[in-house]
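*Asks:* next come a sequence and a model predicted from it.
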Amino acid sequence: MSDPQRREFLAVTAAIASLAALSGSQPAVAGDPSFMNNVPDPDLSGKELPTFKFALEKSTGKVIGNSFGKEATVAQLPISKGIAGVSMRLEPGAMRELHWHATAAEWAFVIEGRVRTTVIDPQGLAETNDFDPGDVWYFPRGHGHMLQCLGDKPCHFILIFDNGYFSEFGTFSITDWIGHASAPLLAKNFGLPESAFASFPKEEVYFARGALPPAEPSVPLQGWRLPPETHRYRMLAQPPHATYPGGREWRVDSSRFPISKTITGVVLDLDPGALRTLHWHPNADEWQYVLAGNVSVTLFGSHGRFRTEQLEQGDVGCIPQGYGHSIENTGDKPARILIGFNAGIYETIDLTQWIAGNPPDVLATNFGQALALMQKLPRQDVFIADESGRG
């Protein structure tokens, strides 16, 4: 072994030894998903479970003209550390200006009206899409984009982010950047005289307002250079993922929408009295937005901790990863819930499914009950139970 090779070998050996020593003496770092369960969350480690409900649509948010953005992040709902959401309304002629999110990917569901978006990726490939109610989009973390009301009627959509510490009002907007760069720097950057930037906004615009956009998208300055994966998915234009006696479910994860690698979206319909049965998600937090109706959501946090919240239209609920929960329609009208998960692959384990996967004698011993009673339990997964309790 030559001297340079020996020095390199010794350096690598020393580095490995240092890492081994550190791993045995230092606590896990919060934010690393492989160690998250080893870092106690003070908001979840008390004797009582904290609230997991936030009245999003009753909050004030940021209002400019007839457009608004209302957010539910860890600041408004401390339990929601892994996922955040925004309710945004744009008036005709308004757009959420060009911006990007440094710490989160964005997934959206259009509730009403029409929306046009543009997005650019690190390869310089850009896509423009028009969205109708029931459509969704996904923009990976850091990809520049804009959102524009299309047509002469307002639009309303829900944004979901895979980071609870994200803030819609602390993002990177193009007018904020250009407005605080010097004129000489801008002139050199764009190859234009300094005077060309004299009338540009000096502060963040956030919601830009102008004429109604054209019916057909305009060609980008660089011409059309489309990315290999589209950012648009027509969720409610598809048949439901599954239909049950008490409801139905639309689900889209990265297996159907390949670009959506960090967020899964669900629209869950529950008939009056129907129950999305007790279950948990091994790989993701669950963020709920009630589109219609009234629901009762339960949360189980181990050690006898159990909490129930009543959610109505416009309210948000957040269930931490791995915590048991259920959703029940307590009203006399159908309920619809938009649900987001901060994982690109959907995973769930239902309580009925878990029990059905065990022999009756094991269940009898576990619960201290007669074998005959255990043999009457469901022998398959019950995803939604109708008003009568049948799946």
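*Replies:* That came in fine, so what should we check first? Numbering: from 1, shown residues only.

*Asks:* please count neighbours and contacts with C-alpha atoms only from this point.
*Replies:* Fine.

*Asks:* report the beta-bridge partners for Val252.
*Replies:* Gly265 (DSSP bridges).

*Asks:* how many neighbours does it have?
*Replies:* By the criterion of other CA atoms under 10 Å, Val252 has 23 neighbours.

*Asks:* got a pLDDT number for it?
*Replies:* Per-residue pLDDT puts Val252 at 98.

*Asks:* that one contacts Leu268, correct?
*Replies:* No: here Val252 does not reach Leu268: they are 11.8 Å apart, not a contact under CA atoms under 8 Å.

*Asks:* and Arg379, how far from Ala370?
*Replies:* Arg379 sits 17 Å away from Ala370, taking CA to CA, to the nearest Å as the criterion.

*Asks:* spit out the contact partners of the closest residue in space to Ala105 that isn't next to it in sequence.
*Replies:* Leaving aside its chain neighbours, Ala105 sits nearest to Arg141 (4.0 Å; criterion: CA to CA, 6 or more residues apart in numbering). Going by CA atoms under 8 Å, 6 or more residues apart in numbering, Arg141 touches 100-106.

*Asks:* would you mind identifying the next helix or strand past the worst-scoring helix or strand of the chain on mean pLDDT?
*Replies:* Across the helices and strands of the chain, mean pLDDT, DSSP states H and E gives its lowest value to helix 3-25, namely a mean of 39. Next along the chain after helix 3-25, taking DSSP states H and E as the criterion, comes strand 53-54.

*Asks:* pairing partners for that following strand, with directions?
*Replies:* Looking at strand 53-54 with DSSP bridges, its partner strands are strand 316-319 (antiparallel).

*Asks:* direction included, what does the helix or strand just after the strand it pairs with pair against?
*Replies:* Remark: after strand 316-319, the chain's next helix or strand is strand 324-329, criterion DSSP H and E. If you go by DSSP bridges, strand 324-329 pairs up with strand 275-280 (antiparallel), strand 294-300 (antiparallel).

*Asks:* can you add mean pLDDT and give the ones you listed back as CSV?
*Replies:* Shown next, in CSV, are the strands paired with strand 324-329 (pLDDT from 0 to 100):
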stretch, mean pLDDT
strand 275-280, 98
strand 294-300, 98
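
*Asks:* low pLDDT regions in the chain?
*Replies:* The model of the chain has pLDDT under 70 over residues 1-39.

*Asks:* do that again at 80, thanks
*Replies:* For the chain, applying pLDDT under 80 flags the ranges 1-40, 168-170, 388-391.

*Asks:* write down the beta-bridge partners of Asp269, one by one.
*Replies:* Taking DSSP bridges as the rule, Asp269 bridges to Arg248, Arg336.

*Asks:* so it touches Pro245, yeah?
*Replies:* No: using CA under 8 Å, Asp269 makes no contact with Pro245, being 11.1 Å away.

*Asks:* now do the phi/psi pair for the residue lying closest to Pro193 once chain neighbours are set aside.
*Replies:* Using CA to CA, 6+ apart and skipping the chain neighbours, the partner closest in space to Pro193 is Ala187 (5.4 Å). Torsion angles at Ala187 (phi, psi; degrees, to the nearest 10) stand at phi -60, psi -40.

*Asks:* ok, Ala372 - how many residues close by?
*Replies:* Counted with other CA under 10 Å, the neighbours of Ala372 add up to 11.

*Asks:* can you pull the buried residues of the helix or strand harbouring it?
*Replies:* Per DSSP H and E: Ala372 is located in helix 371-374. Using 16 or more other CA atoms under 10 Å as the test for burial, helix 371-374 gives Met374.
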